[in-house]
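K.L.:
coords below, sequence missing:
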C-alpha cells in the first residue's frame, strides 16, 4: 500500500481502530487502563507528524486573515456558548455532570483539531496559527461562562493544565517539526526522515483513537446509568455545532477551505486539556464530572470520523 492508498482508506482504518479499542477496553479493562499514560505521547506524535505537512512560512499570513479570525472568535466564544447554555438547561439538577459538560463544551480544541481540519480539507495552517489566541481566550472567558451559566457548584479555573497541554501538544511538536524541516534542507538523512514521516499522520491518528477509547471506555461503561442524561446533550452539540460554525463562516463570506476550518473548530472541543480541571473538583463531584468529559471525548472522536467526510461535501462543495 502506498501513501495515497493509505490516505484514501483512512476512514476505514479509523473505524477499525475505534472498534478494536472499544472491544478491547470492555473485555480487558485492567489492561486497557494502562493505555491512559500513552494518550499525551500519542497526541504529541500525531501533532509532530501533522506539523511536518504544514508550510510554516504561511502561519503569519493566517493571523493576518481578519475575516477568518473574526468568524472563529464569534463562533467559538459567542454563538457556541449560547448553544451550550440551551443544550444544558436540563442538567441543572445534576451539578457534577453539568460542570463536566460545561468544562468540555465551552473550550475549543487547540490540538488534534488541526489534524481533523487537514483531513477534512480545511485550512490547517490557519487553524494552527489561531491556537494561541484560542488558548488565551478560553482561559480568560471560561470562568466568566461558568459564572453566567447557573450551577450549584463553583469551579476555580487554574492555568496549569492549559499551559501544560499547549507546551506538550503544540509547542514542543511544533518546534521539533520546524527544526526537522530546516534540517531537511541541509542533510539528506533528515530529508529521508522527513519523507518517512509523511506516512505517519494516518497511523498516528489510529493510535490516538486506540489509546483514548481503549483506556477510557470501561470507566464510562461503569458510570453509564448516571451519564445517560448528558449523552443527548453531546449528540445535540455534535449535530448543531458544525451548523453554527458553517453559518458563521457563510455570514463572514469565507471561502471553502477557511469555512471548513471554522466549522471544525466550532465542533471540536478541548476534552483532553480540561480533564485535569474536573479531577481538581471536590471529591464528591470529580469522578462523575471526569466521566462526563471522557464521554464527550468518545462521542466526539466517532463524530469526527463522520465530519471529515460530511463537512468537505457540504461546506461549499462547489
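P.N.:
Yes, it's here. These numbers come from a predicted model, not from an experiment. Numbering: from 1, shown residues only.
K.L.:
all contacts plus neighbour counts: C-alpha atoms, from now on.
P.N.:
OK.
K.L.:
mind showing which ranges of the protein have poor pLDDT?
P.N.:
1-2, 4, 7-8, 54-63, 150-159, 162, 272, 279, 317-318 (pLDDT under 70).
K.L.:
From the chain's centroid, how far away is the top helix by length along it?
P.N.:
Identified as the longest helix of the chain according to DSSP state H is helix 283-314. Chain-centre distance of helix 283-314: 9 Å, with Cα atoms, centre = their mean, to the nearest Å.
K.L.:
That one packs against which elements?
P.N.:
helix 10-27, helix 95-105, helix 113-119, helix 201-222, helix 230-251, helix 256-267, helix 271-279 (3 or more Cα pairs under 8 Å, 6 or more residues apart in numbering; DSSP states H and E).
K.L.:
contacts for the last one?
P.N.:
Which is helix 271-279. When contacts are defined by Cα atoms under 8 Å, 6 or more residues apart in numbering, helix 271-279 is touched by residues 100, 103-104, 107, 109, 157-158, 161-162, 165, 286-287, 289-290, 293-294, 296-297.
K.L.:
Write the ChimeraX selection for whichever of the residues you listed are buried.
P.N.:
Filtering the contacts of helix 271-279 down to the buried ones (16 or more other Cα atoms under 10 Å) takes a single ChimeraX command:
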select :100,103,104,107,109,157,161,162,165,286,287,289,290,293,294,296,297
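K.L.:
residues of the longest helix of the chain that come out buried?
P.N.:
For helix 283-314, the neighbour count (16+ other Cα under 10 Å) marks 285-298, 300-301, 303-305, 307-308, 311-312 as buried.
K.L.:
Rebuild the helices and strands packed on helix 283-314 as a markdown table, extending it with distance to residue 189.
P.N.:
Shown next, in a markdown table, are those (distance: least, Cα to Cα, whole Å):
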| stretch | distance to residue 189 |
| --- | --- |
| helix 10-27 | 28 |
| helix 95-105 | 42 |
| helix 113-119 | 26 |
| helix 201-222 | 20 |
| helix 230-251 | 42 |
| helix 256-267 | 34 |
| helix 271-279 | 35 |
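K.L.:
quick one: which of the ones you listed is nearest residue 72?
P.N.:
Among these, the nearest to residue 72 by Cα to Cα is helix 256-267 (5.5 Å).
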